[in-house]
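A.B. asks: Build the 3D model from these lines:
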Amino acid sequence: MKILLTGASGFIGRELAPLLMAAGHELTILAREGGREVPSDVERLAAPVGEWVSAVGSRSYDVCIHLAWIATPGVYLHSEENEIFADVTLALAEVLFRNGLRYFVGTGTCIEYSPDQSEICVEDVTPTEPIHPYSLAKDRTRRGLEQLSVDAEAEFTWARVFYPYGPGEHPARTISSFLRELRSHRTVTLRNPGSVKDFIHVRDVATAFLKVAEGSAPRGVVNIGTGRGISIREIALRAAAATGADASLITAVGDPPYDPYGWHVADIRKLSATGWRPEIDIDTGIRQILEVLR
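C.D. replies: Below you'll find the model as predicted:
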């Protein structure tokens, strides 16, 4: 298939691009000018994000996998860039559908789901209630893409990714920040030790996107997670074990702040029906991150 991929130099895209190439797809990468390196043996369209529509021009593709979005920890939730990416995504999809695109795969977030869940998040069942500029922009994009795909009589999947982690992640992400402190035998103070999240290795995220792109997954919203939750305290303890640090270095604030996503786990029956399974366990993933940090 002819596939257009955005975000190829990002955390998920760096894992996904080689998988698409190994699977024999004809890959084109749409990237920002001056961005990080991407595979050299594929077609590369480079332009500022605001000029991506003109960069694509009249080119046609079978599938577009759109990963590009702002994702910098500490910034992305409230960034004004969220609305820019929403507008660019919809404009890009519109021109691609006009050029004959058959299938658009967009990237959503688990925090589109309503806060304060106590059960697993089920696509099309669990209500959505985005509360941050990031999730609000994602939700607006999903609704716009759904309508554009209907108008174009094309297909559309919205992949809601839970908590990706793995080697090469931003150093401010949860696991990397724990490992950096603990390997130096410094104290880690947990804000929400009891919060339970569905952490999924970035390699498993990439293989899930491959399944989705190749048309194996149902259309509409599809969760990408493991279906299993793990507490922040347990993550910290496993990071301590991996670094050889004393578990007593892990402490917690006395009065934990409110976490609207204190229990946040994906139902993955839709994705599992394709035969896809997460393959990398949390301890292996932690060791891989530690190796990179060294």
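A.B. asks: Strands of the stretch 101-250 of the chain, start to end?
C.D. replies: 103-109, 155-161, 163-165, 188-190, 196-197, 199-201, 220-224, 230-231, 250-252 (DSSP state E, counting those that start in this stretch).
A.B. asks: For Tyr165, list each beta-bridge partner.
C.D. replies: His201 (DSSP bridges).
A.B. asks: since we're on it, how many residues are nearby?
C.D. replies: Other residues near Tyr165 number 23, with proximity taken as other Cβ atoms under 10 Å. (C-beta placed from N, C-alpha, C; glycine too.)
A.B. asks: Check what pLDDT it gets.
C.D. replies: Here the pLDDT value assigned to Tyr165 is 98.
A.B. asks: Could I get the contacting residues of it?
C.D. replies: 173-175, 199-202, 285, 289 (Cβ atoms under 8 Å, 6 or more residues apart in numbering).
A.B. asks: change it to 10 Å
C.D. replies: 11, 173-176, 197, 199-202, 205, 235, 280, 282, 285-286, 288-289 (Cβ atoms under 10 Å, 6 or more residues apart in numbering).
A.B. asks: and the gap between it and Glu279?
C.D. replies: 14 Å (Cβ to Cβ, to the nearest Å).
A.B. asks: quick one: Ala252 and Val196, what's the gap?
C.D. replies: Ala252 is 15 Å from Val196, by Cβ to Cβ.
A.B. asks: Kindly apply the preceding question to Leu237 instead.
C.D. replies: Distance from Leu237 to Val196, by Cβ to Cβ: 14 Å.
A.B. asks: Which neighbours do these two have in common?
C.D. replies: The contact lists of Leu237 and Val196 share Ser231, where a contact means Cβ under 10 Å, 6+ apart.
A.B. asks: What is the least confident helix or strand in this structure?
C.D. replies: Using mean pLDDT, DSSP states H and E, strand 43-46 stands out as the lowest-scoring helix or strand of the chain, at a mean of 92.
A.B. asks: tell me which residues in that strand are buried?
C.D. replies: By 16 or more other Cβ atoms under 10 Å, the buried positions in strand 43-46 come out as Arg44.
A.B. asks: same for that strand, what does it pack against?
C.D. replies: With contacts taken as 3 or more Cβ pairs under 10 Å, 6 or more residues apart in numbering; DSSP states H and E, strand 43-46 sits against strand 2-6, strand 26-31, helix 52-56.
A.B. asks: Give me the distance between it and the centre of its chain.
C.D. replies: Centroid separation for strand 43-46 versus its chain: 22 Å, with Cα atoms, centre = their mean, to the nearest Å.
A.B. asks: Name the residues that touch that strand?
C.D. replies: 2, 4, 6, 8, 26-35, 37-38, 52, 55-57, 59.
A.B. asks: Buried among those? Make that a ChimeraX selection.
C.D. replies: Those of the contacts of strand 43-46 that count as buried under 16+ other Cβ under 10 Å are selected in ChimeraX with:
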select :2,4,6,8,27,28,29,30,31,32,35,38,52,55,56,59
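A.B. asks: ok, back up a step: distance to Ser79 for the helices and strands packed on strand 43-46 - can I get that in TSV?
C.D. replies: Output for these, formatted as TSV (distance: least, Cβ to Cβ, whole Å):
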stretch	distance to Ser79
strand 2-6	18
strand 26-31	19
helix 52-56	18
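A.B. asks: who wins for proximity to Trp158 among those?
C.D. replies: strand 2-6 (15.0 Å; Cβ to Cβ).
A.B. asks: Give me the next element, helix or strand, following that closest one.
C.D. replies: Using DSSP states H and E, the helix or strand that follows strand 2-6 towards the C-terminus is helix 13-22.
A.B. asks: Just the buried positions in that next one, please.
C.D. replies: Under 16+ other Cβ under 10 Å, the buried positions of helix 13-22 are 13-17, 20.
A.B. asks: Ok, stretch 209-219 next?
C.D. replies: 209-215, 217.
A.B. asks: Looking at these, spot the one nearest Arg102.
C.D. replies: Nearest to Arg102 among the buried residues of stretch 209-219 is Gly215, at 9.5 Å by Cβ to Cβ.
A.B. asks: residues contacting the closest one?
C.D. replies: By Cβ under 10 Å, 6+ apart, the contact set of Gly215 is 1, 62-63, 102-103, 105, 155, 157, 274.
A.B. asks: who does the least confident helix or strand of the chain pair up with?
C.D. replies: Applying DSSP bridges, strand 43-46 is found paired with strand 26-31 (parallel).
A.B. asks: neighbouring contacts of the strand it pairs with?
C.D. replies: Against strand 26-31 from outside (Cβ under 10 Å, 6+ apart): 1-10, 13, 16-18, 20-21, 35, 37-39, 41-47, 49, 52, 55-56, 59, 61-62, 64-66, 68, 92.
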